[in-house]
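In: coordinates only, sequence not included:
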């Protein structure tokens, strides 16, 4: 009976050590991510829509027949959009990857 209880005790000790190890690693990873986020302070890019134009619009309707009373239509659009995007994080390439110019 003592070998079974010693195996159970060593198994519990092993599980406890593994749990503490994984908990420590998770906290370490969380701390590294928080330090990176707080040090770099990334910002969202901004987009400015300057012009929108519909170049083509077509509506097609099929011919109706006496045997098929349901009708359907289709709409085709060709839209052109002009916008600018500003990335305020241009310096992140130098900070995060250590490349300099």
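Out: Done, it's in. Quick caveat: nothing in here was measured; it's all calculated off a predicted structure. Numbers count the residues shown, from 1 in each chain.
In: now stretch 43-58: mean pLDDT?
Out: Averaged over stretch 43-58, pLDDT sits at 90.
In: what's the offset of it from the middle of its chain?
Out: With C-alpha atoms, centre = their mean, to the nearest Å as the basis, stretch 43-58 stands 23 Å off its chain's centre.
In: which residues touch it?
Out: If you take C-beta atoms under 8 Å, 6 or more residues apart in numbering as the criterion, stretch 43-58 is touched by 75-89. No exception for glycine: its C-beta is placed from N, CA and C like everyone else's.
In: show the subsequent helix or strand relative to the biggest strand by length in the chain.
Out: Criterion DSSP state E: the longest strand present in the chain is strand 46-60. Next helix or strand after strand 46-60 toward the C-terminus (DSSP states H and E): strand 74-86.
In: what is that following strand packed up against?
Out: With contacts taken as 3 or more C-beta pairs under 8 Å, 6 or more residues apart in numbering; DSSP states H and E, strand 74-86 sits against strand 46-60.
In: just checking: what are the partner strands of the strand it packs on?
Out: strand 74-86 (antiparallel) (DSSP bridges).
In: rewinding a little: which positions in the longest strand of the chain come out as buried?
Out: Buried residues in strand 46-60, counting neighbours by 16 or more other C-beta atoms under 10 Å, are absent.
In: just the pLDDT at residue 71, thanks.
Out: 75.
In: and if you look at the one 10 residues further on?
Out: Note for residue 81: predicted pLDDT of 91.
In: could you look up the SS state of residue 42?
Out: coil (DSSP: H, G, I helix; E, B strand; the rest coil).
In: which strands and helices sit next to the one helix or strand residue 29 maps to?
Out: According to DSSP H and E, residue 29 maps onto helix 2-40. Applying 3+ C-beta pairs under 8 Å, 6+ apart, one finds that helix 2-40 makes contact with helix 92-97.
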